[in-house]
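Enquirer: This is a predicted model, with the sequence first.
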Protein chains: 2
Amino acid sequence: MSHAHPPLDLAAHFAAMPPVAAMAITVLDNTGDGVLRLHAPLALHVNDKGCAFGGSLGSLMTLAGWGLATRAIGAAGIAADVFVADSDVRYLAALYDDLQAEARFAEGTDVAAVVARLRGGSRARFVVDACVRLPDGGVAASGQARFVAVPRR
Amino acid sequence: MSHAHPPLDLAAHFAAMPPVAAMAITVLDNTGDGVLRLHAPLALHVNDKGCAFGGSLGSLMTLAGWGLATRAIGAAGIAADVFVADSDVRYLAALYDDLQAEARFAEGTDVAAVVARLRGGSRARFVVDACVRLPDGGVAASGQARFVAVPRR
């Protein structure tokens, strides 16, 4: 049996959250490579040193991971809440340009197993890798976060 | 030789950073216990589940650590830039109330040695512990971040 589901409107989800709306995030075109990319303008995220605020980099990576998971679960037709459980971030280089974050499931993640657990009514845990790019393709910040998805009753 | 320095106006520093100004942060009264406390209203930081957005909790803890260090270094009369190097955050409980973060130097931190290094023209590294409280005094999120301070030339 096959289910067709409209693509999840992540932009609408983000716009509905005041702190996220204030970040002026754009969901970049999904290239179908299993990576979610988000963009935010430097002007809204600049710190006292003229570069991107570390807190904004961390937030954007958390959101990219949340969006990646929410999109994958929504695409399977499952209603679940996605929570971040913990995260670690390494700030590697100052970023003097717009923020572009990307998130992908950690190597070895079995997304089908996550979906199957949720469909069976159990919560599911998984790990997401994320980074914020430098204009030259290098990395301004990288991180890993663990999430838990809980089926809605 | 003793130097008197006016208290550093952290609120003005925060207001000058667009992403921080958008967070509507208040610096709570300094009780002189070596802890910096910041407040932010839930209404601006609420997520799709009606509780505080994880990214906001992480940002507020990063800012509390940055403010703690910037205040301590400024109080010593030193001009230095403070950067976050890495951080880890554990999200422990959903917070349905205003955000209150607190930051303190990690146990064993020798703040006088940090100041002496900066005064000698060298960069200094140190660790800050932070958390966001629940209304009942419990912990919504806790984290640790490593910072580096670089003397301004």
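Expert: Thanks, I have the structure now. Note that the structure is a prediction, hence the values are computed from the model and not measured.
Enquirer: what does the average pLDDT come to for the longest helix belonging to chain A?
Expert: Longest helix in chain A, counting residues (DSSP state H): helix A:54-75. For helix A:54-75, mean pLDDT rounds to 93.
Enquirer: Go through it and flag the buried ones.
Expert: A:54-74 (16 or more other CB atoms under 10 Å in any protein chain shown). For every residue, glycine as well, the C-beta is placed using N, CA and C.
Enquirer: out of those residues, who's near chain B?
Expert: By CB under 8 Å from any CB of the partner chain, the members of the buried residues of helix A:54-75 lying near chain B are A:54-56, A:58-60, A:62-63, A:66.
Enquirer: after the longest helix of chain A, next one along is what?
Expert: strand A:80-91 (DSSP states H and E).
Enquirer: who in chain A is up against chain B?
Expert: So chain A meets chain B at A:13, A:16-20, A:22-23, A:43-49, A:53-56, A:58-60, A:62-63, A:66, A:81, A:83-91, A:94 (CB under 8 Å from any CB).
Enquirer: Report the buried members of those residues.
Expert: A:13, A:17-20, A:22-23, A:44-47, A:53-56, A:58-60, A:62-63, A:66, A:83-84, A:86-91.
Enquirer: Would you map the helices across chain A?
Expert: Taking DSSP H as the criterion, chain A carries its helices at A:10-15, A:18-21, A:54-75, A:111-119.
Enquirer: how about these, which one is nearest B:F147?
Expert: helix A:54-75 (9.7 Å; CB to CB).
Enquirer: gap between that closest one and the chain center?
Expert: How far helix A:54-75 lies from its chain's middle: 2 Å, per CA atoms, centre = their mean, to the nearest Å.
Enquirer: From one end of stretch A:66-82 to the other, what's the distance?
Expert: End-to-end span of stretch A:66-82 (CA to CA, to the nearest Å): 7 Å.
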